[in-house]
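J.: Okay, here's the prediction I keep looking at, along with the sequence it came from:
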Amino acid sequence: MKNSTKKRSEAAEKEAIPEGLMHYFNQVPVWLDRAAEGDNIILSTRIRLARNLTKLPLPGQARREQLKSVIQKVKKAVGEIKICREMALFSKDDLPPLYKNAFVERRIISPAFSEADLPGLVAIDPDEQLGIMVNEEDHLRIQAVQAGLSLHEAWRQISRLDDELSEHLDVAFTPQFGYLTSCPTNTGTGMRASILIHLPALSMADEIDKTIKKLAPNEIAVRGFYGEGTDVVGNIYQISNQLTLGRTETSLINRLEIVADKFSEMEQEARQRLLDQQKVEIEDRIFRSLAVMKSARLMSSHEFMKYISMLLLGVDLEILSGLNPLELKKLMIYTQPAHMQIMYKSSADAQARDILRAEIVRQKINSSS
């Protein structure tokens, strides 16, 4: 009797997962899989566009019926656009909480979208390079993600998608202000271009704030791993444009590219200073991190990110050999809490996950080094 109850429970759980959803957890996102080995500073590029439909209140003020109307309009538009034909559509109401958390970990959706109790829709292409969130802070948040520093390629992709969506949707735009958005800082182009950048040397030298002030204090925003309102983990920062009003998309992209190159250059300089002035200390931190990764029996996700940062630095400085940086970066996704519960059927209990995470990391590091 107990076995039949368990089987019914497992079957019900399986039925609750929308069709096509597991595709995204059986692959590495293309933007990560194509990441250039050896480039462990700028990890990825993302461009988001905020768009709203005319004659409908913004998500924060709209009734549920109005938000459902937005979803239907976007669904119809997506179905008529060639570039969107392979996109999978997932109703937010149909996504189990665990899978919403995993989509946040994969940077497909934002934490705010996941947590808001509003009708929503996610559209995502098979490679996870293009996506749409419907009814986040704005009616549409369109995004393109690429490996490394690829702002112009991401802009080419997202501009094409935006143009095609605009042919099928009545988007709120005025000649005076540009695209109208819920947040005034997005009004204008509605664009938020960002890079995910690994800055361990600048962090250890406590030079992040000084670097920001030196480069563009009023033009860029520095956030955590998952964006606004999230913490910096593993010395990984999200750097994006701060203002859009009165700027063109091209000027914003060009400016962020200059800032990204400068951050990368300053990080390289900080790494060289570490080698020149504190070689023993930095080697000690890297080899201690490697020893923990090889031997630990418990490891939280925060600890993991701290140690993986040191291993990536060690590979880049040629202090460590035999470790594949791409494989290390993949672990950043697959050892996150929701991914572990989905991919390894791990317990929701934090300590059980910490035990399993340590085991996964031990196997991967010991087999590589």
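T.: Structure's in. What do you need? Residues are numbered from 1 along each chain as shown.
J.: Not counting sequence-adjacent ones, nearest residue to Glu219?
T.: Gln242 (5.5 Å; Cβ to Cβ, 6 or more residues apart in numbering). Where C-beta positions appear, they are placed from N, C-alpha and C, glycine not excepted.
J.: could you say what helices and strands the longest helix belonging to the chain packs with?
T.: Assignment by DSSP state H gives helix 249-277 as the longest helix of the chain. In terms of contacts (3 or more Cβ pairs under 8 Å, 6 or more residues apart in numbering; DSSP states H and E), helix 249-277 is packed against strand 42-51, helix 151-168, strand 191-198, helix 200-204, helix 208-215, strand 236-241, helix 279-295.
J.: which outside residues touch the second one?
T.: Counting contacts by Cβ atoms under 8 Å, 6 or more residues apart in numbering, the residues outside helix 151-168 that touch it are 45-47, 49, 51, 76-78, 80-84, 129-130, 140, 142-146, 171, 193, 195, 249-250, 253, 256-257, 260.
J.: tilt between it and helix 249-277?
T.: Angle, helix 151-168 to helix 249-277, by axes from the mean of the first three to the mean of the last three Cα atoms, to 10 degrees: 150 degrees.
J.: C-terminal to helix 151-168, what's the next element?
T.: Following helix 151-168 in sequence order, the next helix or strand is strand 173-174 (DSSP states H and E).
J.: Listing partners with orientation, what would you give for that next one?
T.: Strand 173-174 has its sheet partners listed here by DSSP bridges as strand 178-179 (antiparallel).
J.: Would you mind pulling the contact partners of the strand it pairs with?
T.: 49-52, 171-173, 186-190, 244-245.
J.: at 7 Å instead, please
T.: Ala50, Arg51, Ala172, Phe173, Thr187, Gly188, Thr189, Gly190 (Cβ atoms under 7 Å, 6 or more residues apart in numbering).
J.: now, which of these sits nearest Phe304?
T.: Taking Cβ to Cβ as the measure, Phe304 lies nearest Ala50 of these, at 32.7 Å.
J.: right, and the closest one touches Asn186 too?
T.: Yes: between Ala50 and Asn186 there is a contact under Cβ atoms under 7 Å: 4.8 Å.
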